[in-house]
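[1] Give the three-dimensional model of this entry:
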Amino acid sequence: MKLAIAMISLAFACVAGTAQAATAQQTKMKECNATAGEKALKGDERKAFMKECLSAKPAASGKTAQQEKMKTCNKEAGEKALKGAERKKFMSECLKG
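    Next up is the predicted model:
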């Protein structure tokens with residue numbers, strides 16, 4: 001009985017680990033797709049970019065592309081002295097790309 005419980009627990013742990021890994025890869029794919037879209041890449045250029053982007057290691061700073069984008073958008077909003085709903089709208093549009 002204890003062996004059965006241990007096996008079931010191990011199975012759940014494996015499934016949970018796989019789900020987290022898939023989510024990280026999906027996030028990376030989404031970020032690479034967004035960047036390729038911003039650069040308006042097509043055909044072989046897009047394929048080459050996606051291959052490079054997906055195989056790249058995270059930056060040494062540990063910041064993701066989304067964090068960098070947030071930093072840039074915040075800076076722009078500050079320079080424009082946006083406040084309240086106007087700032088919120090700007091940030092939303094800026095972060096969407």
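
[2] so who does the nearest residue to residue 76 once chain neighbours are set aside touch?
    Nearest in space to residue 76, with sequence neighbours left out and distances taken as CB to CB, 6 or more residues apart in numbering, is residue 94 at 6.6 Å. Backbone N, C-alpha and C define where each C-beta goes, glycine included. By CB atoms under 8 Å, 6 or more residues apart in numbering, residue 94 lies in contact with 69, 72-73, 76-77.

[3] For residue 88, see how far away residue 82 is.
    Look at residue 82 and residue 88: by CB to CB, to the nearest Å, they are 9 Å apart.

[4] So for these two, which sits in the more crowded spot?
    Taking residue 82 and residue 88 together and counting by other CB atoms under 10 Å, residue 82 has the greater number of neighbours (15 against 12).

[5] Quick check, the more buried one in contact with residue 90.
    Yes. Using CB atoms under 8 Å as the test, residue 82 is close enough to residue 90 to be in contact (5.3 Å).

[6] Could you pull out the helices in the chain for me?
    According to DSSP state H, the chain carries its helices in the segments 2-38, 43-55, 65-79, 84-96.
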